[in-house]
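Asker: quick one: sequence and predicted model below, then my questions.
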Amino acid sequence: MNTIPLMVNSELAERAKPIFSRCGIDMETAVNVYLMQVVAGIDILSRSHEKTACVRPPMQFDCLKGVLDIDGD
C-alpha cells in the first residue's frame, strides 16, 4: 500500500466521519472505496445530492462456498 499525503477540508472530514462510522468504515477505507469506484468507471460525481444512507448488499449465504472448511460439529 502507498501512503499519499492528502489535504482535506477539516470541517468536511469531521462531518463525514460519523456517516462513515455508521457504515462501519473509517476515513482511509472510504477514500479507498472512492478510488475503487473511479477506477471501475462508476460515475459518482454526476449523481444528484441524495441523503446518504448506509446500504449494504444482501447477504449471499454461498459466497464463501469452497473457501471455508467447517466441520459438522
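Answerer: Received, thanks. Everything quoted here is computed from the prediction, not taken from an experiment. Numbering: from 1, shown residues only.

Asker: CA only for contacts and neighbour counts going forward, please
Answerer: Fine.

Asker: identify each buried residue in the helix or strand bottoming out on mean pLDDT in the chain, please.
Answerer: The weakest-scoring helix or strand in the chain, judged by mean pLDDT, DSSP states H and E, is helix 27-39 (a mean of 87). Residues residue 27 are the ones in helix 27-39 that count as buried (16 or more other C-alpha atoms under 10 Å).

Asker: residue ranges in this structure under the pLDDT threshold?
Answerer: Within the chain, the stretches with pLDDT under 70 are 44-73.

Asker: number of residues surrounding residue 40?
Answerer: As a burial measure, residue 40 scores 9 neighbours (other C-alpha atoms under 10 Å).

Asker: next: the one 3 residues further on.
Answerer: Look at residue 43: counted by other C-alpha under 10 Å, it has 10 neighbours.

Asker: how close does it sit to residue 3?
Answerer: Residue 43 sits 25 Å away from residue 3, going by C-alpha to C-alpha, to the nearest Å.

Asker: and if you look at residue 41?
Answerer: 23 Å.

Asker: give me the more crowded residue out of the two.
Answerer: Applying other C-alpha under 10 Å to residue 41 and residue 3 shows that residue 41 carries more neighbours, namely 9 against 5.

Asker: state the helix or strand in which that one lies.
Answerer: Here residue 41 is covered by no helix or strand, with elements defined by DSSP states H and E.

Asker: for residue 4, same thing?
Answerer: Under the assignment here (DSSP H and E), residue 4 is part of no helix and no strand.

Asker: in the protein, which spans are helices?
Answerer: Using DSSP state H, the helices found in the chain span residues 10-22, 27-39.

Asker: isn't residue 30 up against residue 20?
Answerer: Yes. At 7.1 Å, residue 30 counts as touching residue 20 under the criterion of C-alpha atoms under 8 Å.
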